[in-house]
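Undergrad: Any chance you can model this:
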Amino acid sequence: MDYSYIFGMCLCTASLLEPVIHTLPEGEPVVGLTQLAGEIYVLRRKERNPLEVYDVDTYRLQRRLTVPHRRWLVDMTSCEYFQCLYVADAGADCIQRLDLQVQFRI
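TA: Numbers count the residues shown, from 1 in each chain. Have a look, this model is predicted:
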């Protein structure tokens with residue numbers, strides 16, 4: 001599947017008066033997006049540290065994470081109950097669970 005048409009990402013929040021739009025920095029194409037525990041997780045199509053973590057209030061980059069043994073990451077979601085991310089890897093035909101209590105930083 002070709003994801004080259006995804007160039008950036010815009011997060012919109014609604015208010016009673018007017019919508020507020022926050023734009024995250026441009027970079028490699030975005031292939032996944034989820035929110036968990038006050039943070040926004042952005043999965044980008046790139047070789048090193050494909051997961052970017054932003055603060056949900058300030059939209060500032062907090063850290064970058066890696067996904068071990070990845071091949072072709074195509075999407076992700078999060079689980080509030082287990083406090084983890086699930087990342088789909090089409091190249092390995094699997095879904096990886098990343099426990100947020102464990103540090104995946106490089």
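
Undergrad: which stretches of the chain form strands?
TA: With DSSP state E as the criterion, the chain has strands at 10-13, 20-23, 30-36, 39-44, 51-55, 61-65, 73-79, 84-89, 94-99.

Undergrad: is it possible to export the ones you listed to CSV including mean neighbour count?
TA: For glycine as for every other residue, the C-beta is placed from the backbone atoms N, C-alpha and C. Shown next, in CSV, are the strands of the chain (neighbours: other Cβ atoms under 10 Å):
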stretch, mean neighbour count
strand 10-13, 10
strand 20-23, 11
strand 30-36, 18
strand 39-44, 21
strand 51-55, 18
strand 61-65, 15
strand 73-79, 18
strand 84-89, 20
strand 94-99, 14
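
Undergrad: which ones are touching the residue sitting nearest the centre point of the chain?
TA: The residue lying closest to the centre of the chain (Cα atoms, centre = their mean) is residue 42, at 2.0 Å. Contacts here follow Cβ atoms under 8 Å, 6 or more residues apart in numbering; on that basis residue 42 touches 9, 24, 30, 32-33, 51-54.

Undergrad: could you redo the last one with a cut-off of 6 Å?
TA: Each residue near residue 42 by Cβ atoms under 6 Å, 6 or more residues apart in numbering is listed here: 30, 33, 52.

Undergrad: which of these lies closest to residue 67?
TA: Using Cβ to Cβ, residue 52 comes nearest to residue 67 of the contacts of residue 42, at 12.1 Å.
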